[in-house]
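Student: kindly generate the corresponding structure for this input.
(2 chains)
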There are 2 protein chains.
Amino acid sequence: MTSFAKPHAPRDTATIVERLQGMLASDLAATEALLKERAASPVAIIPDLSGYIVSAGGKRLRPMVTLAAANAAGGARPGTHALAAAVEFIHTATLLHDDVVDESDLRRGKAAAKNVWGNSASILVGDFLFARAFTLMVETDSLEILGILSHASSVIAEGEVHQLAAASRKDLPTEEYLAIIEAKTAALFEASARAGALSAGPQGAQFADALAAYGKNLGLAFQIIDDALDYGGTTSVIGKTVGDDFREGKSTLPTIIARRRGSDEDVEFWDRALTVDSQKEGDLAHAIYLIRTTGAAEATLAEADAYAGLAKTALKALPDSAWAQALADLADFCVSRAH
Amino acid sequence: MTSFAKPHAPRDTATIVERLQGMLASDLAATEALLKERAASPVAIIPDLSGYIVSAGGKRLRPMVTLAAANAAGGARPGTHALAAAVEFIHTATLLHDDVVDESDLRRGKAAAKNVWGNSASILVGDFLFARAFTLMVETDSLEILGILSHASSVIAEGEVHQLAAASRKDLPTEEYLAIIEAKTAALFEASARAGALSAGPQGAQFADALAAYGKNLGLAFQIIDDALDYGGTTSVIGKTVGDDFREGKSTLPTIIARRRGSDEDVEFWDRALTVDSQKEGDLAHAIYLIRTTGAAEATLAEADAYAGLAKTALKALPDSAWAQALADLADFCVSRAH
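Tutor: Prediction:
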């Protein structure tokens, strides 16, 4: 049984990712080589656009989960590198399409690809990377892995459509919010961890369910924190642009809780301010004020913390190892981003 | 060796597709059932939108090629039905994305899905169907088939991006036009026929190359005719909306040939009229006039005819059968649409 650092007392969060990157150095290098090699095309826009977003400083969280899960379950193999690259391509394809769908102008601190190359190129290069992801997965030599990732890909799209249809609901129930983020975000973390375990060879299968549970709960914690960060988390000093979800009129956990706990006047505010066309100057600042004063920020973080805890609990089925510890630390890291 | 009807003397074209549909009745019914079943989702927009386009009267040409190729190569199996449905889902996903990319308002004579549900839903439901295609393909139990179709999918996207970058070139060389349509259209026909053959079991592999060559050349003939039909083919009486490519300023074989054969004045006309913002009333009629009077319409059809001939020649490697004959007739049908 693995022992874990106490929640709320993670090791220095800045170093958690760096330490995992160090442990995975050769696996990540093999994955990066594939990401570059398989985005190649004689049609210049394709490597240009995909290189722009793939190298735009993503943390490679999903490949790291894939690779660490494989190592925790017996050892990464060449097929694991192909899988890790495939998972990052799927993620990149969804980012390219999301930016068109959400009309976001910034991604990872740079102009969104669609603002440089246009919506059409972003849609089609997303399709290209998605197809290349499946070509990479064929190299894992496992129909089971292809089944897991193709299923996750349809669940992601389902979650995105669900969000499109429901996230403008002012009275979006917490459970429906969680169903949306489980589909659009947690499903890929879950599939990455499960497939990572399976890619480690026959002995990996016995850890697949535990690692899948880890991935799913990690993904939920990650997305809840992401949604909290869109309102600045719990501090006022933040490195991330805030208010994207707010401007799109998306209900997320912080707004759902703040509205539920708010006065009649607050409810009126939320219902007007989360209607895209009726937003006014100063609304975002007031939204952040309400999220802080109703305790919605803390409650949102507590929810993320609970899922991170479930992720770590799932790891207890694994043999004690530096890999299991690193995955546990990663769950703490995901939550710590908001403090 | 199979004997074929003479080119230019196809059997009654209206009945070619009906006869093949009759021969494939039970295979097509199994495929249709899968198309309906696998587009299901608790998120209502998904079955609504995909049902709208899947049932909008497409001819199921790609599933028919898949199923007939399998039958010609030894017999369709349950995996063949999953493959045929997957191919149609991939095709449908590209249609949904193309309509957004091309800003087309009509598809199969109805309002494009994006005009009913919006661009975002069309992009995301396309992604969903694409993912479901890969889940279906896992059921063929063949990594080789998954490799063929994932490769074809990346080639299609590559062709679409190439078209985006190059089709507005006024001096697009014929060879570059052919490279674009080979990627965006012929690659899926080629993959459908090759994978269809492989899905028929081990004995199908020996016919895979011949059927792939058939599919590729059929796809080229099909797209060339489609591009000719956008200018009314060779007759004035047509059932299809004309001028979509023209309005988008796309160079296609009819315009490439008409421009090449035209006077200096004609070249000036093409260079202005194929620039979207400088089109004038009456330009389309003049374009059709030039395509007819320069013989570009006939030359375009002759090019399609040549590829249909190559498709039929490829079939000579197959044992004589009603299936091989039906595939040969289908090549004639593709060309006959323009007369």
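Student: in the stretch 201-339 of chain A, where is pLDDT below threshold?
Tutor: The stretch 201-339 of chain A contains residues with pLDDT under 70 at A:234-241.
Student: let me see the ranges of the helices in it.
Tutor: Along the stretch 201-339 of chain A, the stretches classed as helices by DSSP state H, counting those that start in this stretch are A:208-229, A:244-247, A:253-261, A:264-273, A:283-293, A:296-314, A:322-336.
Student: got those helices as TSV, with distance to chain B and mean neighbour count columns?
Tutor: (Glycine included, C-beta is placed from N, CA and C.) TSV is the format used below for these (distance: least, CB to the nearest CB, whole Å; neighbours: other CB atoms under 10 Å in any protein chain shown):
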stretch	distance to chain B	mean neighbour count
helix A:208-229	17	25
helix A:244-247	15	18
helix A:253-261	20	23
helix A:264-273	22	15
helix A:283-293	23	18
helix A:296-314	23	21
helix A:322-336	25	24
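Student: distance to B:Tyr289 added to the ones you listed, as TSV?
Tutor: Below are those laid out as TSV (distance: least, CB to CB, whole Å):
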stretch	distance to B:Tyr289
helix A:208-229	58
helix A:244-247	51
helix A:253-261	60
helix A:264-273	58
helix A:283-293	58
helix A:296-314	66
helix A:322-336	65
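Student: and the stretch 1-150 of chain A, which of its residues are near chain B?
Tutor: By CB under 8 Å from any CB of the partner chain, the residues of the stretch 1-150 of chain A that approach chain B are A:41-46, A:93-94, A:97, A:100-101, A:119-121, A:123-125, A:127-128, A:130-132, A:134-135, A:137-138, A:141, A:143, A:146-147, A:149-150.
Student: which of these are buried?
Tutor: Buried residues within the residues of the stretch 1-150 of chain A next to chain B, defined by neighbour count using 16 or more other CB atoms under 10 Å in any protein chain shown: A:41, A:43, A:45-46, A:93-94, A:97, A:100-101, A:119-121, A:123-125, A:127-128, A:130-132, A:134-135, A:137-138, A:143, A:146-147, A:149-150.
Student: let me see the contact set for A:Gly233.
Tutor: A:225, A:297, A:301, A:337-339 (CB atoms under 8 Å, 6 or more residues apart in numbering or on different chains).
Student: what's near enough to touch A:Gly196?
Tutor: A:65-70, A:73, A:76, A:80, A:83-84, A:211 are the contacts of A:Gly196 under CB under 8 Å, 6+ apart.
Student: do the same with A:Ala121
Tutor: Neighbour list for A:Ala121: A:45, A:49, A:113-114, B:161, B:164 [criterion: CB under 8 Å, 6+ apart].
Student: from the residues of the stretch 1-150 of chain A next to chain B, which land in helices?
Tutor: With helices defined by DSSP state H, the entries of the residues of the stretch 1-150 of chain A next to chain B inside them are A:45-46, A:93-94, A:97, A:100-101, A:119-121, A:123-125, A:127-128, A:130-132, A:134-135, A:137-138, A:143, A:146-147, A:149-150.
Student: tell me which of the contacts of A:Gly196 fall in helices.
Tutor: In this view, the contacts of A:Gly196 that belong to helices under DSSP H are A:65-70, A:80, A:83-84, A:211.
Student: of those, which is the nearest to chain B?
Tutor: Chain B has its nearest neighbour among the ones in helices among the contacts of A:Gly196 in A:Leu83, at 13.9 Å by CB to the nearest CB.
Student: what does the pLDDT read for the closest one?
Tutor: With respect to pLDDT, A:Leu83 has a value of 98.
Student: what's the neighbour count on it?
Tutor: Neighbour count of A:Leu83, defined by other CB atoms under 10 Å in any protein chain shown: 34.
Student: same check, this time on A:Lys280
Tutor: Using other CB under 10 Å, A:Lys280 is surrounded by 9 other residues.
Student: contact partners for it?
Tutor: Listed by CB under 8 Å, 6+ apart, the contact partners of A:Lys280 are A:Ala273.
Student: please report how far it lies from chain B.
Tutor: Remark: distance between A:Lys280 and chain B (CB to the nearest CB, to the nearest Å) = 25 Å.
Student: can you list the buried residues in stretch A:62-79?
Tutor: Going by neighbour count (16+ other CB under 10 Å), the buried part of stretch A:62-79 is A:62-74, A:76-77, A:79.
Student: equivalent analysis for stretch A:49-62, please.
Tutor: For stretch A:49-62, the neighbour count (16+ other CB under 10 Å) marks A:49-50, A:52-54, A:58, A:60-62 as buried.
Student: torsion angles phi and psi at A:Glu103?
Tutor: The phi/psi pair for A:Glu103 (degrees, to the nearest 10) reads phi 50, psi 40.
Student: number of nearby residues for A:Glu37?
Tutor: A:Glu37 is flanked by 10 other residues according to other CB under 10 Å.
Student: got it, and A:Ala29?
Tutor: The number of residues packed near A:Ala29 is 11, by other CB under 10 Å.
Student: helix or strand for it, which one?
Tutor: Using DSSP states H and E, the element containing A:Ala29 is helix A:25-37.
Student: and the angle from that helix to helix A:119-138?
Tutor: Interaxial angle of helix A:25-37 relative to helix A:119-138 (axes from the mean of the first three to the mean of the last three CA atoms, to 10 degrees): 130 degrees.
Student: could you give the mean pLDDT of helix A:25-37?
Tutor: 96.
Student: surely A:Thr31 touches A:Ala84?
Tutor: Yes: counting by CB atoms under 8 Å, A:Thr31 does reach A:Ala84; the two are 4.4 Å apart.
Student: would you put the C-alpha positions of stretch A:37-47 in PDB?
Tutor: Extracted C-alpha coordinates of stretch A:37-47, given in PDB (Å, rounded to 0.1, in the frame of the first residue of the first chain):
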ATOM      1  CA  GLU A  37       7.100  13.500 -36.700                       C
ATOM      2  CA  ARG A  38       3.400  12.700 -37.000                       C
ATOM      3  CA  ALA A  39       2.300  16.200 -37.600                       C
ATOM      4  CA  ALA A  40       4.400  16.400 -40.700                       C
ATOM      5  CA  SER A  41       2.600  16.900 -44.000                       C
ATOM      6  CA  PRO A  42       3.600  18.300 -47.400                       C
ATOM      7  CA  VAL A  43       0.700  20.700 -47.000                       C
ATOM      8  CA  ALA A  44       2.600  23.400 -45.100                       C
ATOM      9  CA  ILE A  45      -0.400  24.800 -43.100                       C
ATOM     10  CA  ILE A  46      -0.700  21.500 -41.200                       C
ATOM     11  CA  PRO A  47       2.800  21.400 -39.600                       C
END
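Student: can you name the residue of the stretch 201-339 of chain A nearest chain B?
Tutor: Ranked by CB to the nearest CB, the top residue of the stretch 201-339 of chain A for proximity to chain B is A:Glu248, at 11.3 Å.
Student: contacting residues for that residue?
Tutor: A:Glu248 neighbours (CB under 8 Å, 6+ apart): A:102-103, A:167, A:276.
Student: try 7 Å
Tutor: By CB atoms under 7 Å, 6 or more residues apart in numbering or on different chains, the residues touching A:Glu248 are A:102, A:276.
Student: same check, this time on A:Leu83
Tutor: A:66, A:137, A:140, A:145, A:195-196, A:199.
Student: among the contacts of A:Gly233, which two are most distant?
Tutor: Within the contacts of A:Gly233, A:Ala297 and A:Arg337 form the most distant pair, 13.4 Å apart (CB to CB).
Student: burial of A:Pro319, as a residue count?
Tutor: Number of residues near A:Pro319 (other CB under 10 Å) recorded here: 12.
Student: look up phi and psi at it.
Tutor: Dihedral pair for A:Pro319: phi -60, psi 150, per degrees, to the nearest 10.
Student: next one: A:Pro173
Tutor: phi -70, psi 150.
Student: in space, not sequence, find me the middle residue of chain A.
Tutor: A:Thr185 (5.1 Å; CA atoms, centre = their mean).
Student: from memory that residue sits against A:Gly219, does it?
Tutor: Yes: assessed by CB atoms under 7 Å, A:Thr185 is found in contact with A:Gly219 at 5.0 Å.
Student: export only the CA atoms of stretch A:146-166, formatted as CSV.
Tutor: Extracted in CSV, the C-alpha atoms of stretch A:146-166 (Å, rounded to 0.1, in the frame of the first residue of the first chain):
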residue,chain,number,x,y,z
LEU,A,146,-8.3,1.7,-29.8
GLY,A,147,-11.8,0.8,-28.4
ILE,A,148,-11.1,2.8,-25.2
LEU,A,149,-9.8,5.9,-27.0
SER,A,150,-12.4,5.9,-29.7
HIS,A,151,-15.1,5.6,-27.0
ALA,A,152,-13.5,8.4,-25.0
SER,A,153,-13.4,10.6,-28.1
SER,A,154,-17.1,10.2,-28.8
VAL,A,155,-17.8,10.9,-25.1
ILE,A,156,-15.7,14.1,-25.3
ALA,A,157,-17.7,15.3,-28.3
GLU,A,158,-21.0,14.3,-26.5
GLY,A,159,-19.8,16.4,-23.5
GLU,A,160,-19.1,19.4,-25.7
VAL,A,161,-22.5,19.2,-27.4
HIS,A,162,-24.1,18.8,-24.0
GLN,A,163,-22.3,21.9,-22.8
LEU,A,164,-23.4,23.8,-25.9
ALA,A,165,-27.0,22.9,-25.2
ALA,A,166,-27.0,23.2,-21.4
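Student: alright, I will stop here.
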